[in-house]
Structures are given as structure tokens and as C-alpha cells.
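1. predicted model and sequence follow; I will ask about them next.
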Amino acid sequence: MIDKNKQYKTRDGREVRIYATDGAGTYPVQGAIRHEDGWYLAQWKQSGKHVGECDGSNDLIEVKPRMKFERWIVLHRNGEWASWMTRPSDASTVDAFAIKHIVFEVEEGEGLDAV
């Protein structure tokens, strides 16, 4: 069910604005799709299926928040490791044989379906 308080894009990645979700008829979701030359009106079913669409490129896909994480991983000679949110001090890396800075972005809920 489409919620006008959430953010959506088309299946092929274009920006979408949702104006209303309580319209009458088969396509109650009203909004617009951004094209190169501007915004074009569009309608969808409550499921997000675009009116008259065969290939699904204009169907709605929810844009979930992305989160960025940054960590410093210290690998010690004895096989142990430690994770730091900021670059570790020299005192904590005395017996280290490697320090790796890792930055990654994940979409909210990403990978949870595999658990």
C-alpha cells in the first residue's frame, strides 16, 4: 500500500512525487514522474503498479533511508581484532599487523531477510 508520507522512485530510477493516495477508481494514487524536461502527471494502483504500464518501468519502488558507517579495524598478531569508530591511538595498535579503514552504506533493513 502506497503511503504519501514515504519517498518513492520509479522502477527505472526516476524521482516521483506523490500528491494523494485516496483518489477514486482503480488508480487512486496521484502524483508525478520527473523526466528530463520536467514533471509529468501519473497514476498508480495502491500496489504501486502504474496505469497502462507493460514493462513496469514506471511502477513505484519505496526509497528507504540509507545509513553510512565508518570503522577502523585493527588486526592483531595473535589473531584477535578490534573495531574502532575513529582512528585508533598508537597505544592500541602496538601489536597490530594491519589497520583497515572501512566505509560502507546500507539501506535500512538490508540483508535482514537473509538471517
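-> Structure's in. What do you need?
2. okay, now the domains of the chain?
-> Recorded structural domains for the chain (assignment: automatic domain parsing) are 8-62, 66-114.
3. tell me which of the ones you listed lies nearest to residue 1.
-> Smallest distance to residue 1 across the domains of the chain (C-beta to C-beta): 5.3 Å, for domain 8-62. Quick note: C-beta positions are derived from backbone N, CA and C, even for glycine.
4. which other helices and strands contact the helix or strand of the chain with the lowest mean pLDDT?
-> In the chain, no helix or strand scores lower on mean pLDDT, DSSP states H and E than strand 81-84, which sits at a mean of 85. Applying 3 or more C-beta pairs under 8 Å, 6 or more residues apart in numbering; DSSP states H and E, one finds that strand 81-84 contacts strand 66-76.
5. run a quick neighbour tally on the nearest residue to residue 46 once chain neighbours are set aside.
-> Residue nearest to residue 46 in three dimensions, not counting chain neighbours: residue 1, with 5.3 Å by C-beta to C-beta, 6 or more residues apart in numbering. For residue 1, the count of nearby residues is 8 (other C-beta atoms under 10 Å).
6. can you check residue 60 too?
-> Other residues close to residue 60 by other C-beta under 10 Å number 23.
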